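Enquirer: Generate coordinates for the sequence data below:
(chains A, B, C and D)
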Protein chains: 2
Amino acid sequence: MPADERYITIVELLFFAYRDFTREADAILAEFGLGRAHHRVLHFVNRHPGLRVADLLEILKITKQSLARVLKQLVDEGWIAQQTGTQDRRERHLRVTDKGTTLAIKLDQLQAKRVGGALAACGPAGEAFVRRFLFDMISLDERGHVEALLPAADAGAAPKA
Amino acid sequence: MPADERYITIVELLFFAYRDFTREADAILAEFGLGRAHHRVLHFVNRHPGLRVADLLEILKITKQSLARVLKQLVDEGWIAQQTGTQDRRERHLRVTDKGTTLAIKLDQLQAKRVGGALAACGPAGEAFVRRFLFDMISLDERGHVEALLPAADAGAAPKA
DNA sequence: CAAATAAGTCAACATGGCTGACATAAATTC
DNA sequence: GAATTTATGTCAGCCATGTTGACTTATTTG
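Expert: Presented below is the predicted three-dimensional model:
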């Protein structure tokens, strides 16, 4: 099979994988009256306590106004708490509450389980390839930002062909 | 690093990969007044000429009404043509027009290029792992449908750990 | 002929993006 | 200290794309 043909197949697999990957979490979120946008905020705040609003905008690549809508709801409903920065009092540092932690972990476990299952047949070598592939799918000028967000020895662990 | 921690990292990489992967095509589509939903329809019709409306619904997992909106526009603007089925005249078989083919190929090449680039450091073994991983990320009860859509010796080519 | 099926359509609504304009408070710079 | 920049918040309205529910039409099937 020609390379382009194989690559298009991977494009399609990526679509189907993402389609099902998100649908599962969406169902749980709906029980709490939340959507995918809330999930993303909850997730990244949980993973990076003290994250600022500006950081979230950089991560999600959405506008302040779009973020405000979901963030306001998350704060109002007690999933996320805001703390005024001590050094720079203009900043709002975000943290998940206990309630938020519970949900964030629940969703993380769900998605980790799916990833773990998909990696089951791959072994450590396959896992490294998958990691490398996904990292290189990120736009070149964004990889630095992403790398800074991930646990240390991660994307850098690049297997050779 | 514990397994769950590594898996969550992969969840995040998947988010960032998909974020950038789609943003690139979105920019081109916007030039033609089209969106991501149109792209998905155009893509699958291009890859599977003669696809029926019901097939698209199964692939995209959206409602008939959602599909109708974008499909109508694609037909009205001459990207896609409908043919009444000869055997079963209730069916509408969809095909991309020449105009539609041009755009579909343009977008496919863009995305294939990104996938190719991301696979560059992986080699054939890595490619097989990536394919396997993405396929196994699909919900179990959907894998059959997806397999039927892909070029033959594809997802079945399962490397062992 | 009756029932099931494939597709199309109307209306209303929710979510989550967007732009543009503007407000506030705090930090920084001149 | 005044002026400017920065981080955040907010109002108003718009667009794309998903949803439910109800209903029609043409056609095939039992």
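
Enquirer: Residue of chain A closest to DNA strand D, please.
Expert: A:Ala54 (3.0 Å; CB to the nearest atom of the strand). In short, each C-beta sits where N, CA and C put it, glycine included.

Enquirer: who's in contact with the closest residue to that residue other than its chain neighbours?
Expert: Sequence neighbours aside, A:Glu91 is the residue nearest to A:Ala54 in space, at 8.0 Å (criterion: CB to CB, 6 or more residues apart in numbering or on different chains). Residues near A:Glu91 by CB atoms under 8 Å, 6 or more residues apart in numbering or on different chains: A:52-54, A:84-85.

Enquirer: for A:Ala30, same thing?
Expert: No residues are in contact with A:Ala30 under the rule CB under 8 Å, 6+ apart.

Enquirer: now do A:Leu74
Expert: Per CB under 8 Å, 6+ apart, neighbours of A:Leu74: A:34, A:38, A:41-42, A:80, A:100.

Enquirer: now, which of those lie close to DNA strand D?
Expert: When CB under 7 Å from any atom of the strand is applied, no member of the contacts of A:Leu74 is adjacent to DNA strand D.

Enquirer: Strands - which of those land there?
Expert: A:Ile80 (DSSP state E).

Enquirer: Inside helices: which ones of the contacts of A:Leu74?
Expert: The helices, defined by DSSP state H, take in A:38, A:41-42, A:100 from the contacts of A:Leu74.

Enquirer: ok, back up a step: now the two most distant members of the contacts of A:Glu91.
Expert: Farthest-apart pair in these is A:Ala54 and A:Thr84; separation 14.4 Å (CB to CB).

Enquirer: what's the first-to-last distance across stretch A:91-105?
Expert: Using CA to CA, to the nearest Å, one end of stretch A:91-105 lies 26 Å from the other.

Enquirer: show me where chain A has strands.
Expert: Under DSSP E, chain A gives strands at A:51-52, A:80-84, A:92-96.

Enquirer: The last one versus strand A:80-84: what angle between them?
Expert: The directions of strand A:92-96 and strand A:80-84 differ by 150 degrees, with axes from the mean of the first three to the mean of the last three CA atoms, to 10 degrees as the criterion.

Enquirer: touching DNA strand D at all, the top helix by length along chain A?
Expert: Secondary structure of chain A per DSSP H: the longest helix is helix A:3-31. No. Judged by CB under 7 Å from any atom of the strand, helix A:3-31 stays clear of DNA strand D, getting no closer than 9.4 Å.
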